[in-house]
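In: Here is my input, please return the structure:
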Amino acid sequence: MSLLPVFIAWRYLRGKGSTILSLNARLSFTGIFVGTSLLVVVLSIFNGFQVQLKNSIFRFDPHITLTQETTSGPEKIFSWREYKAKIETRLEPKLLLVEGAISSPAIVRRKNLLEHVYLRAVELQRDPVRNQYLLPAYFPKIEEPANLKTFPRGSYCLVGREMAWQLGLYVGDEIEVIVPRGEFAARVGLRPSLKSYRIAGFFKTGHYQYDSRVVVMALEEAQKLFAIGDSVQQIFIRLKDLNELRQVKGEVMKIWPFSVRTLEEEQRNFFHALQLEKTIMTVIVFLFVIAAIVGIVVATYNLVHSHRRDIGILKAIGMSNLSIMAIFVLSGFTMGYLGTLLGIMTGIFLSVHLESILGVVEKALNFLARLYTEKISGGIYFPINLIPRDVYYFDSLPIHIDPGVLHQVGSLAIVLSALAALLPAIVASRLEPVKIIRSTE
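Out: Got it, this is the predicted structure:
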């Protein structure tokens with residue numbers, strides 16, 4: 001096929017004079033442009049939220065948890081070192097860490113304040129030179145003291161940054177931890193175990209529930225607190241590659257005869273909720289793109305109707321039906337391609353600078369609101385926070401631009417644009433040249 005259909009398609013799309021696009025083309029271009037820009041921004045924000053939350057969970061929680069469950073709750077595991085050695089021997093290349101652990105509900109008392117928390121105790125290596133514990137590489141960021149890598153052995157613990165704010169704690173303060181002595185699950189008649197611990201530091205995972213409700217200490221300190229000797233409640237497994245989660249679970253089940261649960265199973269409802277929110281928002285925003293696609297159909301129909309005489313002449317001089325179709329399909333494709341390309345580029349720019357843009361908008365709104373409240377209405381002014389940090393738990397707006405998603409969005413929008421122009425193009429190719437010329441005389 002010659003380049004003539006391409007030339008004619010571009011000529012039909014051009015506006016009069018120096019205008020790059022005609023009115024119909026500009027409207028269709030604007031619809032695709034706005035729709036893809038919004039879609040890129042929304043997907044980048046939701047991807048950012050998901051990546052941040054998943055990273056905080058994958059980094060803090062064990063990837064596979066082994067427990068010995070009974071009808072009365074989790075039982076103590078006395079032979080955990082033997083099972084740990086078997087798992088390490090069989091799966092060593094895929095493992096990051098295998099450790100004994102204790103995870104149990106507890107109560108923290110600070111003066112007259114009582115808080116229900118979750119105690120997590122894990123194996124910590126000892127510094128061979130100093131009498132201190134080494135924090136593992138997977139452990140979340142220590143905010144205070146900054147870049148803390150070790151903390152003293154003995155009655156010390158780590159708490160989340162949010163818990164410190166709620167209880168008014170500072171590094172070096174003491175809290176009392178209360179647990180049921182000798183058991184992990186509280187039962188009637190058991191004597192509680194209470195011990196004071198000094199705060200060695202504050203960690204931040206990026207997940208509010210962890211940072212406000214978890215107390216971390218060394219495994220041997222928790223064993224003394226519960227008075228259970230050298231036993232644990234769980235065995236934690238961390239993997240080098242989370243894509244091997246199900247495969248490793250199958251291998252572990254051949255070694256461990258009791259309960260084996262993966263992080264995906266533990267957090268299934270949470271991950272499904274995140275995915276559902278993303279899907280709903282994507283569908284809603286994609287409706288803008290669909291509306292723009294409909295605009296391309298209308299614009300192409302208008303293009304066909306306004307150039308019926310040209311179509312008749314082109315067919316009369318021998319242009320094939322396929323070439324006529326190509327003219328109008330290329331018109332719709334061009335509108336979609338230009339709108340999608342510039343829309344994706346604009347969406348990336350807005351996503352990268354979204355926090356700065358929102359900051360400028362927030363300042364402008366606060367200025368106008370203060371001016372109206374204080375000078376006109378005489379009311380009380382309350383500052384506007386477009387993204388309040390006390391509601392959304394992050395230091396900066398999480399943005400994650402996925403090139404694969406951008407490719408899918410762009411390809412789909414362009415293909416739909418071409419398909420939208422196909423029906424009007426078929427109508428144009430079936431017009432009878434003699435009837436067209438006569439009807440337009």
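In: partners of the longest strand belonging to the chain in the sheet?
Out: For the chain, the strand with the greatest residue count under DSSP state E is strand 95-110. Neighbouring strands of strand 95-110 in its sheet, by DSSP bridges, are strand 113-122 (antiparallel), strand 174-180 (antiparallel), strand 234-239 (antiparallel).
In: what is the mean pLDDT for whatever helix or strand comes next after the shortest one?
Out: Secondary structure here is assigned by DSSP states H and E; on that basis, the next helix or strand after strand 234-239 toward the C-terminus is helix 245-253. Helix 245-253 comes out with an average pLDDT of 90.
In: list the contacts for residue 244?
Out: With contact set as CB atoms under 8 Å, 6 or more residues apart in numbering, residue 244 has these partners: residue 94. For glycine as for every other residue, the C-beta is placed from the backbone atoms N, C-alpha and C.
In: Now do the helices in the chain.
Out: Chain-ordered helices for the chain, with DSSP state H as the definition, fall at 4-13, 23-60, 80-91, 161-167, 208-213, 219-226, 245-253, 263-266, 268-306, 308-316, 321-352, 354-371, 403-429, 433-439.
In: Need those in JSON lines (columns: mean neighbour count and distance to residue 119).
Out: What follows is these, written out as JSON lines (neighbours: other CB atoms under 10 Å; distance: least, CB to CB, whole Å):
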{"stretch": "helix 4-13", "mean neighbour count": "17", "distance to residue 119": "68"}
{"stretch": "helix 23-60", "mean neighbour count": "21", "distance to residue 119": "14"}
{"stretch": "helix 80-91", "mean neighbour count": "15", "distance to residue 119": "18"}
{"stretch": "helix 161-167", "mean neighbour count": "19", "distance to residue 119": "12"}
{"stretch": "helix 208-213", "mean neighbour count": "19", "distance to residue 119": "10"}
{"stretch": "helix 219-226", "mean neighbour count": "20", "distance to residue 119": "7"}
{"stretch": "helix 245-253", "mean neighbour count": "15", "distance to residue 119": "25"}
{"stretch": "helix 263-266", "mean neighbour count": "16", "distance to residue 119": "17"}
{"stretch": "helix 268-306", "mean neighbour count": "16", "distance to residue 119": "21"}
{"stretch": "helix 308-316", "mean neighbour count": "18", "distance to residue 119": "78"}
{"stretch": "helix 321-352", "mean neighbour count": "22", "distance to residue 119": "40"}
{"stretch": "helix 354-371", "mean neighbour count": "13", "distance to residue 119": "36"}
{"stretch": "helix 403-429", "mean neighbour count": "18", "distance to residue 119": "40"}
{"stretch": "helix 433-439", "mean neighbour count": "13", "distance to residue 119": "83"}
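In: Out of those helices, flag the one nearest residue 135.
Out: Shortest distance between residue 135 and those, using CB to CB, is found for helix 23-60: 12.6 Å.
In: got the angle for the closest one vs strand 113-122?
Out: Between the direction of helix 23-60 and that of strand 113-122, the angle (axes from the mean of the first three to the mean of the last three CA atoms, to 10 degrees) works out to 80 degrees.
In: Going by neighbour count, which residues of the longest strand of the chain are buried?
Out: Buried residues in strand 95-110, counted by 16 or more other CB atoms under 10 Å: 95, 97-104, 106-108, 110.
In: Domain-wise, how is the chain divided?
Out: 4-54+271-439, 62-262 (automatic domain parsing).
In: got a list of what the closest residue to residue 288 other than its chain neighbours touches?
Out: Of all residues not flanking residue 288 in the chain, residue 35 sits nearest, at 3.6 Å (CB to CB, 6 or more residues apart in numbering). Residue 35 makes contacts with 285-286, 288-289, 291-292, 343, 413, as judged by CB under 8 Å, 6+ apart.
In: Let's see that with 7 Å instead.
Out: 288-289, 292, 343 (CB atoms under 7 Å, 6 or more residues apart in numbering).
In: Of those residues, which is the nearest to residue 396?
Out: Using CB to CB as the measure, the one of those that approaches residue 396 most closely is residue 343, at 24.9 Å.
In: Quick check: that closest one touching residue 32?
Out: Yes - proximity of residue 343 to residue 32 meets the contact threshold set by CB atoms under 7 Å, at 6.2 Å.
In: Neighbours of residue 131, how many?
Out: When counting by other CB atoms under 10 Å, one arrives at 10 neighbours for residue 131.
In: my read: it touches residue 153, true?
Out: Yes - under the contact definition of CB under 7 Å, residue 131 touches residue 153, with a separation of 5.3 Å.
In: State the pLDDT value of the nearest residue to residue 38 once chain neighbours are set aside.
Out: Leaving aside its sequence neighbours, residue 38 sits nearest to residue 285 (CB to CB, 6+ apart; 5.1 Å). The score at residue 285 is 73. That number is its pLDDT.
In: The closest residue to residue 261 other than its chain neighbours bridge partners, please.
Out: Setting aside the residues directly before and after it, residue 261 is nearest to residue 65 in space (CB to CB, 6+ apart), at 5.2 Å. Residues in a beta bridge with residue 65, per DSSP bridges, are residue 236, residue 261.
In: Name the stretch from the domains of the chain where average model confidence is lowest.
Out: domain 4-54+271-439 (a mean of 77).
In: hmm, back to that, now the helices of the chain in JSON lines, with distance to residue 136?
Out: Listed next are the helices of the chain as JSON lines, based on distance: least, CB to CB, whole Å:
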{"stretch": "helix 4-13", "distance to residue 136": "61"}
{"stretch": "helix 23-60", "distance to residue 136": "11"}
{"stretch": "helix 80-91", "distance to residue 136": "15"}
{"stretch": "helix 161-167", "distance to residue 136": "19"}
{"stretch": "helix 208-213", "distance to residue 136": "16"}
{"stretch": "helix 219-226", "distance to residue 136": "12"}
{"stretch": "helix 245-253", "distance to residue 136": "19"}
{"stretch": "helix 263-266", "distance to residue 136": "17"}
{"stretch": "helix 268-306", "distance to residue 136": "24"}
{"stretch": "helix 308-316", "distance to residue 136": "73"}
{"stretch": "helix 321-352", "distance to residue 136": "34"}
{"stretch": "helix 354-371", "distance to residue 136": "32"}
{"stretch": "helix 403-429", "distance to residue 136": "32"}
{"stretch": "helix 433-439", "distance to residue 136": "78"}
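In: if we compare those helices, which one ends up closest to residue 194?
Out: Minimum separation from residue 194 across the helices of the chain (CB to CB) falls at helix 219-226, 8.8 Å.
In: How about residues contacting the closest one?
Out: Under the contact criterion CB under 7 Å, 6+ apart, helix 219-226 has outside partners 100-102, 119, 121-123, 155, 177, 179, 181-182, 193, 195, 229-230, 232.
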